[in-house]
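Visitor: here's a sequence, model it:
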Amino acid sequence: MTALLTEAGRLLARRDDAGAERVLTGARVLAAEHPELLRLDGLLLHRRGRLAEAADLYRRALATHADDAQLLGQYGELMADLGDSQSALDLLRRACVVAAADANAWMRLSLQLDRRALHEEALASARRVVALAPGHAEGRLLIARNLQALGRIDEAANEYRQLIARGGERAYQAWFSLVDMKTVRLDAGEVAALERLHAAAGLPEPARAALGFALGRVYEDAGRYVDAFATLARANALVRRATQWDSAASTREIDGIMTTFAGITAQAREPIGHETIFIVGMPRSSTTLIEQILAVHPDIEGASELPDLPATIAAESKRRGVPFAAWAASASADDWERLGRDYLSRTARWRTQRTRSTDKLPNNWLLVGAIRAMLPGAKIIDCRRDALETCWSCYKQLFAPGLVRYAYDLGELGAQWRDYDRLSRFWAQRHPQHVRVQDYETLLAAPAQEIQSLVEFCGLAFDEKFLRFHEAARGVRSASAGQVRQPLRNDTMRAQRYGVLLDPLRHALRTPGLQPFAN
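Guide: Below is the predicted model of the structure:
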């Protein structure tokens, strides 16, 4: 039995799930309730997406092996995937208690803490990882990431530079992260080193792409716009080749949402949701900046990009067995209120210290109609920035895998912006009292006036401290983490410097007869 379980564990570690299944089939005949068998079977089911069944196996194994750190860690990760973040953290913390010298247990905890924006604890946990395993590159990346989120930019840069000096496969991530802070400049020696690494033979495509995004930004900062464009174009092409995206399908989705919500009048009977402010818009359109301004207020917790609204909608779609647009039209007031209360329950942890919280997941622009139906008391801020600048800023940004999949081709970027633009106008026209369109360029031109109007829209009294938003001490989890800790700048317009190189994007953005958006 021991030999079978050892072999199954080895195969699972190699991601040979089919081989592991064959071995575990034999083990089940010998001892179906063996805790190690239950753990391995649970891991296999987890990978296959059978989460409830995996959870049952983990619970049965824990009944007799409550202090098995590996089992606690796997169960914690499963609970995180099930959306029970508190149980996940409780299990992972317990694993670290029973296996205090296990760097992997601390790493699992660190990752979950980081994902939940608990940056101070994530940083402390990642430091434990590195103390136990000094060569743990992923732990060092996590230290740097959380220092960056906490606004400790110089310390984060130092951590990234130490990782670069160590070399190895994580060095390219450190290079990308260092440059991606956008407020740190490389010296001539560093630029030369980055160029050499980017040009090195045999690099895996993901590494070359990440280095290309970093080098393209360095060239832009140096005013080398032709080199920047060429480098970024090659990096985007590498990512696009490995990314699935269908612009036509996205356009059809927008059409379906507009058709569905044109006729929806049902909404939650109670005006729930006043404790939540949604900040939506295309990526790189100033959503982080707007959240930073609002989070100055002592009653508002800046919760950053939360997965809870899409998760709530997805869970209802799964329950009904049909896509969102297919059930939204038939949802009753009671249905919408139930979903709204589910969202508020999912996000309640962000309001334990403050009475209101923000949710700035940019892609929620698709779900403004659902927000209005579920949470009639919520405020919604739609962040808009010059279309060319927005799309060019997206094109320069390497996003997390699977996110913003339209960003790696100029034509697809333009098509997505047009879809965003027409749906954004649709929401604003339908809900003029509940959706505020916040224009970035107008904010730069008249910051005091715009910020006062913004905070009053959210039901807050204006105070001069809102103008000093960059001084707010809070965690920021986005590509703009360093930028929003600086005063407003008027030199962020970069696209025009590329001249005719961006004509394909200009062409993609054109919509015949489109009028400027009126605030």
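
Visitor: may I have stretch 75-86 exported as PDB, CA atoms only?
Guide: Extracted C-alpha coordinates of stretch 75-86, given in PDB (Å, rounded to 0.1, in the frame of the first residue of the first chain):
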ATOM      1  CA  TYR A  75      -7.900  21.600   1.800                       C
ATOM      2  CA  GLY A  76      -7.200  25.200   2.300                       C
ATOM      3  CA  GLU A  77      -6.400  25.800  -1.400                       C
ATOM      4  CA  LEU A  78      -9.700  23.900  -2.200                       C
ATOM      5  CA  MET A  79     -11.700  26.100   0.100                       C
ATOM      6  CA  ALA A  80     -10.200  29.200  -1.600                       C
ATOM      7  CA  ASP A  81     -11.300  27.900  -4.900                       C
ATOM      8  CA  LEU A  82     -14.800  27.300  -3.400                       C
ATOM      9  CA  GLY A  83     -14.900  31.000  -2.400                       C
ATOM     10  CA  ASP A  84     -14.700  30.400   1.300                       C
ATOM     11  CA  SER A  85     -11.600  32.600   2.000                       C
ATOM     12  CA  GLN A  86     -11.900  32.600   5.700                       C
END
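
Visitor: contacting residues around it?
Guide: Stretch 75-86 has contacts (Cβ atoms under 8 Å, 6 or more residues apart in numbering) with 42, 46, 51, 54-55, 58-59, 62, 87-92, 95, 108-109, 112, 115-116, 311, 346, 349. All C-beta spots, glycine's among them, are computed from the backbone N, C-alpha and C.

Visitor: and if you look at stretch 251-259?
Guide: Residues outside stretch 251-259 that contact it (Cβ under 8 Å, 6+ apart): 325, 366, 369, 415, 419, 422-423, 426.

Visitor: need the worst-confidence member of these.
Guide: Among these, residue 325 carries the weakest pLDDT, at 87.

Visitor: near it, how many other residues are there?
Guide: 18 (other Cβ atoms under 10 Å).

Visitor: can you tell me the element the residue nearest to it when sequence neighbours are not counted falls in?
Guide: Excluding its sequence neighbours, the residue lying closest to residue 325 (Cβ to Cβ, 6 or more residues apart in numbering) is residue 256, at 4.2 Å. Following DSSP states H and E, one finds residue 256 within helix 247-261.

Visitor: for residue 229, same thing?
Guide: Assessed by DSSP H and E, residue 229 sits inside helix 225-241.

Visitor: for that helix, buried residues please.
Guide: Going by neighbour count (16 or more other Cβ atoms under 10 Å), the buried part of helix 225-241 is 225, 228-229, 231-233, 235-236, 238-240.

Visitor: and the furthest pair within the contacts of stretch 251-259?
Guide: Distance extremes for the contacts of stretch 251-259: the farthest pair is 369 and 415 at 21.4 Å, using Cβ to Cβ.

Visitor: looking at the two, which is more packed in?
Guide: Neighbours per residue, other Cβ under 10 Å: of residue 369 and residue 415, the larger number sits with residue 369, 22 against 18.

Visitor: ok, now which ones touch the nearest residue to residue 99 once chain neighbours are set aside?
Guide: Once flanking residues are discounted, residue 99 sits nearest to residue 69: 3.5 Å by Cβ to Cβ, 6+ apart. Residues counted as contacts of residue 69 (Cβ under 8 Å, 6+ apart) are 95-96, 98-99, 102, 105.

Visitor: what about the nearest residue to residue 375 once chain neighbours are set aside, distance to residue 358?
Guide: With Cβ to Cβ, 6+ apart as the criterion, residue 375 has its nearest non-adjacent residue at 2.6 Å, and that residue is residue 273. Taking Cβ to Cβ, to the nearest Å as the measure, residue 273 falls 13 Å from residue 358.

Visitor: who has more neighbours out of those two?
Guide: Higher neighbour count among residue 273 and residue 358: residue 358, with 25 against 22, using other Cβ under 10 Å.

Visitor: what helix or strand does the more buried one sit in?
Guide: Assessed by DSSP H and E, residue 358 sits inside strand 356-359.

Visitor: what lines up beside that strand in the sheet?
Guide: Its sheet considered, strand 356-359 pairs with strand 276-281 (parallel), strand 300-302 (parallel) by DSSP bridges.

Visitor: could those strands be laid out in a markdown table, adding mean neighbour count?
Guide: Output for the strands paired with strand 356-359, formatted as a markdown table (neighbours: other Cβ atoms under 10 Å):
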| stretch | mean neighbour count |
| --- | --- |
| strand 276-281 | 26 |
| strand 300-302 | 25 |
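
Visitor: and of those, who's closest to residue 167?
Guide: Each of these has some distance to residue 167 by Cβ to Cβ; the shortest is strand 300-302, at 36.4 Å.

Visitor: let me see the mean pLDDT of the following helix or strand past that closest one.
Guide: Using DSSP H and E, the helix or strand that follows strand 300-302 in sequence is helix 308-320. In this model, helix 308-320 has a mean pLDDT of 94.

Visitor: do stretch 137-152 as well
Guide: Averaging pLDDT along stretch 137-152 yields 92.

Visitor: also stretch 97-117?
Guide: For stretch 97-117, mean pLDDT is 93.

Visitor: make sure I have this right: residue 383 is in a helix.
Guide: No: in this structure, residue 383 is strand, not part of a helix, as judged by DSSP: H, G, I helix; E, B strand; the rest coil.

Visitor: what pLDDT does the spatially closest residue to it that is not a sequence neighbour get?
Guide: In this structure, residue 383 finds its nearest non-sequential neighbour in residue 281, 3.5 Å apart by Cβ to Cβ, 6+ apart. Residue 281 is assigned 96 on the pLDDT scale.

Visitor: my read is that residue 281 contacts residue 384, right?
Guide: Yes: contact criterion Cβ atoms under 8 Å: residue 281 and residue 384 qualify, at 6.4 Å.

Visitor: which residues are common contacts for these two?
Guide: In terms of Cβ under 8 Å, 6+ apart, residue 281 and residue 384 are both contacted by the residues residue 424.

Visitor: closest to the centroid, which residue in this protein?
Guide: By Cα atoms, centre = their mean, the chain has its centre lying nearest to residue 305, at 5.8 Å.

Visitor: from residue 358, how far off is it?
Guide: As judged by Cβ to Cβ, residue 305 and residue 358 stand 10 Å apart.

Visitor: check which helices and strands the helix holding residue 229 sits against.
Guide: Contact here means 3 or more Cβ pairs under 8 Å, 6 or more residues apart in numbering; DSSP states H and E; on that basis helix 225-241 packs against helix 205-221.

Visitor: what's in contact with the helix it packs on?
Guide: With Cβ under 8 Å, 6+ apart as the test, helix 205-221 has contacts from 169, 172-173, 175-176, 178-180, 182, 185-186, 191, 194-195, 197-198, 203, 225, 227-229, 231-232, 234-235, 238-239, 241-242, 396-398, 494.
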